[in-house]
Structures are given as structure tokens and as C-alpha cells.
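>>> What follows is a predicted structure for the sequence shown.
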Amino acid sequence: MTDSRRWVWWGVALVFALFVYFLHPILTPFLVAIVLAYMFDPVVDRLERVGFSRTWGVVTVFALFTIIVTALVLVLVPLLAKQLMKLYQLAPQVLDWLQNTAMPWAQSKFGLSDGFWKFDKIKAAITGHMGQASDIVGIVLSQATASSLALIGFMANLVLIPVVAFYLLRDWDVLLNKIRSLLPRDRETQIVSLAKECHDVLGAFVRGQLLVMLALGVIYSAGLMMLGLELGLLIGLMAGIAAIVPYMGFIVGIGAALIAGLFQFGGDLYPMLGIVAVFMVGQALEGTVLTPLLVGDKIGMHPVAVIFAILAGGELFGFTGVLLALPVAAVIMVLVRHVQDIYKDSQAYKGTEDPEL
């Protein structure tokens, strides 16, 4: 690659980075739309192969997706609202246990000073607002309407996401072909090969890992609710979301479920063993069935790298950065592999053949 072409590519990368940096506050609906289009493109391709036109395939996918999301919202939101209220009411009991049992034990065990944690004030604050629990929705609505511009922007984004996703999904193959036609002719094969490897990694994450998280959330929630745990749905969904980091969903979920079971069942042995069994079954299914089947070994990101990517993305670009973090990290991982191969094939790594030099 000549110096002039190299500078052109560096300029393009710089312009793109500045574009993302300055416009990231408005990029969220477009990023969500791109993710939706990327996820559903294989489904539309299959519908095309059985005789659907591209447009009608997109309409069919969007209709099914809308029906599923609407049904989940109608079923899950009321259940989650009840469990959040139950969690809110349970908080004073948890604080009582911490104040009267856990903290005295820690104080005697580690020689801590008296009153090192002010649980009385926390409990009083929570208890004082218990009577206002029914006004939570009203408070949220009043805060939302207090900033009409923010509310309008939020509603506009909700409308914009499906519109942008529809057009992107309909013209996905056309856009890819146009991008490919702009690639340098002598580098097209190399760039396409690299893009395919990135596509395999992104597909494994975006489609595979999200499906694993969804499956684990369903398994944990269903198992805990079958045991009669009042916060089973909330804890199960929380564990499924935390499963984006390997083993984090298991640790967070079983910890929260055991604490909730301790207060609900009073430490009864069989329900507690049932909670442990639910998470052991979920972990076994994740390791032997879900991850090999849905994700495979294409991501290969270390758990520490996953945590760092999420935190770094959130710190740099807020919610947009969180959405971008893992896909961008997966692509960077592919590029780093190629840079490593180039380095190992270079003279800088192999050194000189003359031992005297």
C-alpha cells in the first residue's frame, strides 16, 4: 500500500471516529435498527428462498416480531411490576436481617466499631416511603411530562427504530453490494475475507449470545417460579441478562435467589436445594447444549475483556457505548488476531538469522 492510499484510509477512519464521537447522542435508534436488521437478515433470506419477495419477507418478519414483543409486554410487565413492588416491601426485612444478624456477626468476627453502618436511617427512609408506593407511576409520569422535549425525543426514537430497521432490512443486500463495489480492487479479496471473519464473530455474539441469555432467563425464571419463589421471574430475568458475562448470570442469580428464598422459606432445606438445582441445571445446559449449539467457539472473548468492553463503552459513549461495546470488541479481537499473525511473520518477531548480530 502506497503512502498516499495509507493516508486516505487513516483519514477515513478519523472522520468516522469523529462522526461517532460528536453524534453519539442521536445514534442510539440507528444502532438498534442496524442490530435488528443484522439479526433478521438471515430469516428474510430464508423467506426469499421459499418464494417471498424481499419486501413481503421483511413485512412478515416485522409482523411476527411485533406480535411476540406485544405479547411479552402484556404478560411480563404486570408480573414484573408486582415483583418489583414485593422487592420494595421486602427491603426493610432485609435491612433488619443485616442489622441484627449479619452485621453483629461481621463486627465480632473482624473487630469492627459499633454503628459502622447506619442501617436505621436507611430503613427509616424506605419505610417512610412505603405508603407512597402506589404513587410511583404518577411520579414517573410527572417527571417525564416535566421535560416535554425529552419525552418527545423518546417517542420519536421509538417510532424511528422500526422505520429505519425496515428500510435497512429491505435493502440490506443492496447496501452490502454497494459497499463491496467501493473497495480497492487489489484488496477486495483480503477485505472480504476479513469482513467474513468479523461477520462470523458478530453473528455468534449478536444472534447466539442473545439467544443464550434469553434461554437462560426463561430456564431460571420458570424453575424458580415452579418452586414458588415470589421473586422468581425478576431474579431469573436478571440472571439471564447478567449471563452476557460468562458465569456472571449463575453467580448473581443463585446469590439473589438464595437470599430471597431465605426470607420467604425461612431457610427450609428442600426449597433451598431446589433453588440450587435450578441454577445447576441451567449452568449445565448452558455449557453442554446452549453455548455449543447457538454460539460455538467463534467469539473467544475472555470474561475480563467482556467486562472491560462494557464498562469502557458506557464510560466513553453512555448507553450508545454499551450497545456498541461487545460488537466492536469482537471486531477488534479479529483485527488483533490478524495483526498478531503479521507480527509473527515479520522480521521484528523472528529476528536476524545471523547469531552474531
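Happy to help now that I have it.
>>> how close does Y270 sit to L23?
56 Å (CB to CB, to the nearest Å). (Each C-beta comes from the backbone N, C-alpha and C, glycine too.)
>>> I34 reaches W172, doesn't it?
No - in terms of CB atoms under 8 Å, I34 does not count as a neighbour of W172; the distance is 9.8 Å.
>>> so where's the stretch 251-357 of the chain uncertain?
Applying pLDDT under 70 to the stretch 251-357 of the chain flags residues 295-301, 317, 319-320, 323, 352-357.
>>> so where do the helices sit in it?
269-285, 303-344, 347-350 (DSSP state H, counting those that start in this stretch).
>>> right, so of those helices, which gets closest to A165?
Nearest to A165 among the helices of the stretch 251-357 of the chain is helix 303-344 (14.0 Å), distances taken as CB to CB.
>>> Give me the helix or strand of this structure that scores worst on average pLDDT.
helix 136-146 (a mean of 51; mean pLDDT, DSSP states H and E).
>>> The residue nearest the centre of the chain: what secondary structure?
Residue closest to the average C-alpha location in the chain (CA atoms, centre = their mean): I244, at 5.8 Å. Look at I244: counting by DSSP: H, G, I helix; E, B strand; the rest coil, its state is coil.
>>> That one against V306, yeah?
Yes - taking CB under 8 Å as the definition, I244 is a contact partner of V306 at 7.1 Å.
>>> burial count for V12?
The number of residues packed around V12, counting by other CB atoms under 10 Å, is 10.
>>> D171 too?
Neighbours of D171 under the rule other CB under 10 Å: 15.
>>> and if you look at A305?
16.
>>> same deal with Q83?
For Q83, the count of nearby residues is 19 (other CB under 10 Å).
>>> Tell me who's in contact with it.
Residues in contact with Q83, defined by CB atoms under 8 Å, 6 or more residues apart in numbering, are E230, L231, L233, L234.
>>> cool, and L227?
P271, G274, I275, V278 are the contacts of L227 under CB under 8 Å, 6+ apart.
>>> Now I310: closest residue in space, sequence neighbours ignored.
A325 (4.9 Å; CB to CB, 6 or more residues apart in numbering).
>>> and the one you found, how many neighbours does it have?
The burial count for A325: 21, using other CB under 10 Å.
>>> Now for it: which residues touch it?
Counted by CB under 8 Å, 6+ apart, A325 has contacts A309, I310, A312, G313, G314.
>>> Many thanks, we can stop here.
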